[in-house]
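> Provided below are the primary sequence and the corresponding predicted coordinates.
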Amino acid sequence: MAKDLDYYKKLAERMIADDSDRDKAFDAYDNMYHCDWELHKDLKGIEWIRKVTSTDPHDAVAAGGRVLSSLEPQVKLQALANNTPTKKLANEWETNLKWQLKSANRRRQAGVVQDFVRSALLYDEIAAQVIDLDYQIEQMEDELFKGDTARLRNARRYGRFLVQTYHPKSVHVYYSGLMPEVVLLCQRRPCRSVISEWGNFAKDLEEHEEDYCNYYDLMDYKTHAVWVEPEEGGGEIEIIKPSEHKLPFMNWVTMVGATSLEADPKHARQPILYAVYMSGGWETQNVVKTLYTSEVIAHASAPRGKEEGTNIMETTMIDYGDPTRIAKVPQGNVYTPLPPPPIDQALVEIDRILAMGIDKSTVSRILMNADIPSGTAFETINLATQTAVGSLKPAKQLAEKGLAEMFTQMLLWVQFTKKPLLGYGADRRNGFGSQYVIEPEMIDPEAIYIDVELTPDIPTYKQQRVNTAMMAVQALNYPREYALEDIGVSDPQAAEKQRYLEMLADANLQLVIQGMQAQQQLMIAQQQQAMAMEQQAAMMEEQQAQQMQQGAAGAPPESGAMGPPGGQGFNPAAGGQPPAAAFPGGTFEGMTGTTRGGQPVEEGF
């Protein structure tokens, strides 16, 4: 049973006080990220000092955010049975949840993944609330609320779920050895926004509509209480009196990457800037940068020459408009050029050492600007990149856990409201326009196992994973389905199916090409045969024409004689007769009917 408001107010005060050291560290992290540094008291009031602030902490966090949040997260829902229909259903749910994330991002200035990653990097803590807008609209339309639902209905056009991320400093959580037990949201808000959100329940706040108030929203697994304290006074105003809520879960995503090995709780959270904060390296670096930069600026107008001599009536004249810039020294004087004051190399070296220390404890510069010397081997780049990404692993794992819990709460909302969740395919792999539905009765709240993977956006990372998977398949007969999962394919079954379809399409195409080639070869063969027949007919016609000419010349060949005889019997070298003696018609005279001198051959020659 819920207790009175005073009990929860004291609980809230105690939770805020317990987080005082945490909030002090969060303020320091914010100052480093926003490059907000206060000039040291010993340097204030000095006229020539110009404040210079290092951007290294901001650059480190920004680089980590770009690497981890640029690519779409991979969502993996554990199938509860090892069969094709169950795996297919799990893949469809994964596609649906990705659609919900895309829809939630459309109404936000920054994506959910970007906020989760930045919060994990900067604070080692994530705080977000998952709200089912359909359920919220129904509650606001209740006669007791009488709230304005126009804002929520406009927000509903972008998707069913509202993922509201918060600065961890505004959220205080009481953790037990089991899980988060109590969550308190404490914000400074305009009273007008509280009235719009809570409608008739905030009517006592209307007289402070133009003011600001401290807003408190406390929730555990049974009780929910909301109250405000206007800055203009008047005491607390109860919005929702402590009462039991209907939800079987807390719709809060609160994740901390803390370690339980620290004796002092203030050291439990160790974000990427923790070492820089505890060592004071950033403040020292700012002082060093300020000193040598201010000194160079102050000495910019230092004299560039000295003049000595007895002529005090005239001074050296330099024509700066002349490219030669000749100095005209009056008689009796000597002009000596002076070099500009050098920069203090000791301060520069200290700055370099401090910058290297910040890089070592945060993110390598290879992830910031890819400043790699030309000719560097790929193996060297890959090793340096993988080592740099390794420094982001704690924040990466924390963001992945937070996203997995966010997707889990979406399914819990569906199961609680008994309203199906509708999603669509958002890319070619899932089919543009394909509809995916998660039915409430299919969800078991005690059997939801979701993993999320954030893929670093670096070329060598994916290339290495693909090469490793390829070698495993080729050398070890590693299952292709496992290999596709290893390289980040969210639906390996669909990928395999698409591969089979492409193989069938390629095979059909090859059959068509081979048929076309066979037809072409047949046509060529037929053309060649026709040409051969035409040539043979032409040869026959030519022979017939020759025979007719011979007949017209009066020397028809004997019947059956096709030409001069051959063989050893008609070889004079072997003792045979000459061919002309056995075949007179084959001689020149026999064929032409004239002698070689042109005289006609007499009958019987």
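Right, received. Where do you want to start? From a predicted model like this one, the values you see are computed outputs, not experimental measurements.
> chain center to stretch 56-74, what's the gap?
10 Å (CA atoms, centre = their mean, to the nearest Å).
> show me what the host helix or strand of Val452 packs onto, helices and strands only.
In this assignment (DSSP states H and E), Val452 forms part of strand 450-453. Contacts defined by 3 or more CB pairs under 8 Å, 6 or more residues apart in numbering; DSSP states H and E place strand 450-453 against strand 74-77, helix 393-417. Any C-beta I mention is one placed from the backbone N, CA and C, and that applies to glycine too.
> and if we set it to 10 Å?
Judged by 3 or more CB pairs under 10 Å, 6 or more residues apart in numbering; DSSP states H and E, strand 450-453 is in contact with strand 74-77, helix 84-106, helix 393-417.
> what angle separates the longest one from helix 84-106?
Pointing back at helix 393-417 there. 100 degrees (axes from the mean of the first three to the mean of the last three CA atoms, to 10 degrees).
> what distance separates helix 393-417 from the centre of its chain?
When distances are taken as CA atoms, centre = their mean, helix 393-417 is centred 20 Å away from the chain's centroid.
> quick one: buried residues of it?
Across helix 393-417, burial judged by 16 or more other CB atoms under 10 Å covers 394-396, 398-416.
> parallel or antiparallel, list what pairs with the next helix-or-strand element following that helix.
Using DSSP H and E, the helix or strand that follows helix 393-417 in sequence is strand 421-424. Strands adjacent to strand 421-424 in the sheet, as given by DSSP bridges, are strand 435-438 (antiparallel).
> other residues contacting the partner strand?
89, 91-100, 410-411, 414-415, 420-425, 430 (CB atoms under 10 Å, 6 or more residues apart in numbering).
> go with 7 Å
Strand 435-438 has contacts (CB atoms under 7 Å, 6 or more residues apart in numbering) with Glu92, Trp93, Thr95, Asn96, Val414, Pro420, Leu421, Leu422, Gly423, Tyr424.
> which other helices and strands contact the longest helix along the chain?
Of all segments of type helix in the chain, defined using DSSP state H, the longest is helix 492-552. Using 3 or more CB pairs under 7 Å, 6 or more residues apart in numbering; DSSP states H and E as the contact test, the elements touching helix 492-552 are helix 84-106, helix 480-486.
> quick revisit: are any of the contacts of strand 435-438 buried, and which?
Using 16+ other CB under 10 Å, the buried members of the contacts of strand 435-438 are Glu92, Trp93, Thr95, Asn96, Val414, Leu421, Gly423, Tyr424.
> please report how far the second one lies from Leu133.
Think Trp93. To Leu133, Trp93 is 20 Å away according to CB to CB, to the nearest Å.
> also the third one?
For Thr95, the distance to Leu133 under the criterion CB to CB works out to 21 Å.
> same question, the first one
Using CB to CB, one gets 23 Å for the distance from Glu92 to Leu133.
> repeat that for the last one.
Applying CB to CB, one obtains 18 Å for the distance of Tyr424 from Leu133.
> count of residues packed around Ala298?
Using other CB atoms under 10 Å, Ala298 has 15 neighbouring residues.
> thought it was touching Ile49?
No. The pair Ala298 / Ile49 is not scored as a contact, 8.6 Å apart, by CB atoms under 7 Å.
> now what about the top strand by length along the chain, what contacts it?
In the chain, taking DSSP state E as the definition, the longest strand is strand 180-190. By CB under 7 Å, 6+ apart, the surrounding residues in contact with strand 180-190 are 12, 15-16, 166, 170-175, 212-220, 250, 252, 254.
> check contacts around the most centrally placed residue in the chain.
The geometric centre of the chain, computed from its C-alpha atoms, lies nearest to Leu71 (CA atoms, centre = their mean), at 2.4 Å. With contacts defined as CB under 7 Å, 6+ apart, Leu71 is in contact with Thr455, Asp457.
> doesn't it belong to a helix?
No. Leu71: not assigned to a helix; according to DSSP: H, G, I helix; E, B strand; the rest coil it is coil.
> could you report the pLDDT at it?
With respect to pLDDT, Leu71 scores 82.
> Gly515 and Tyr8: what is the separation?
81 Å.
> ok, which stretches of the stretch 101-250 of the chain are helices?
In the stretch 101-250 of the chain, the helices defined using DSSP state H, counting those that start in this stretch lie at 112-123, 133-140, 150-156, 191-198.
> now the angle from the last one to helix 133-140?
Put plainly, it is helix 191-198. Counting by the same axes, to 10 degrees, helix 191-198 lies at 100 degrees to helix 133-140.
> what's the answer for the longest one, then?
Orientation check (the same axes, to 10 degrees): helix 112-123 against helix 133-140 gives 90 degrees.
> contacts made by helix 112-123 with the rest, please.
Taking CB under 7 Å, 6+ apart as the rule, helix 112-123 contacts 26, 29, 33, 61, 64-65, 68-69, 73, 101, 104-105, 125-126, 163, 165, 168, 257, 269, 271-273, 395, 398-399, 402-403.
> run the last query once more with 8 Å
Applying CB atoms under 8 Å, 6 or more residues apart in numbering, the external contacts of helix 112-123 come out as 26, 29-30, 33, 61, 64-65, 68-69, 73, 101, 104-105, 125-128, 163, 165, 167-169, 255, 257, 269, 271-273, 392, 394-396, 398-399, 402-403, 406, 454.
> got the CA coordinates for the host helix or strand of Ile297 in CSV?
Here Ile297 sits within helix 281-298, counting by DSSP H and E. Output in CSV follows, covering the C-alpha atoms of helix 281-298 (Å, rounded to 0.1, in the frame of the first residue of the first chain):
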residue,chain,number,x,y,z
GLY,A,281,45.0,17.2,-16.6
TRP,A,282,42.5,19.3,-18.6
GLU,A,283,42.8,22.3,-16.3
THR,A,284,46.6,22.1,-16.3
GLN,A,285,46.6,21.8,-20.1
ASN,A,286,44.4,24.9,-20.4
VAL,A,287,46.8,26.9,-18.1
VAL,A,288,49.8,25.9,-20.2
LYS,A,289,48.0,26.7,-23.5
THR,A,290,46.9,30.0,-22.1
LEU,A,291,50.4,31.0,-21.0
TYR,A,292,52.4,30.3,-24.2
THR,A,293,49.6,31.5,-26.5
SER,A,294,49.2,34.8,-24.5
GLU,A,295,52.9,35.3,-24.5
VAL,A,296,53.2,34.9,-28.2
ILE,A,297,50.3,37.4,-28.7
ALA,A,298,51.8,39.9,-26.3
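> output the lowest mean pLDDT helix or strand found in the chain.
Every helix and strand in the chain was compared by mean pLDDT, DSSP states H and E; the lowest is helix 579-582, with a mean of 61.
> list the contacts of Tyr8.
Neighbouring residues of Tyr8 by CB under 8 Å, 6+ apart: Leu218, Thr223, Ala225, Pro242.
> give the PyMOL command for selecting the buried subset of those.
Under the burial definition 16+ other CB under 10 Å, those of the contacts of Tyr8 that qualify are selected in PyMOL by:
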select buried, resi 218+223+225+242
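> pipe the contacts of Tyr8 into JSON lines and attach pLDDT and distance to Leu484 per row.
Below are these laid out as JSON lines (pLDDT from 0 to 100; distance: CB to CB, whole Å):
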{"residue": "Leu218", "pLDDT": "96", "distance to Leu484": "46"}
{"residue": "Thr223", "pLDDT": "94", "distance to Leu484": "47"}
{"residue": "Ala225", "pLDDT": "94", "distance to Leu484": "49"}
{"residue": "Pro242", "pLDDT": "92", "distance to Leu484": "51"}
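> brilliant, that's me finished.
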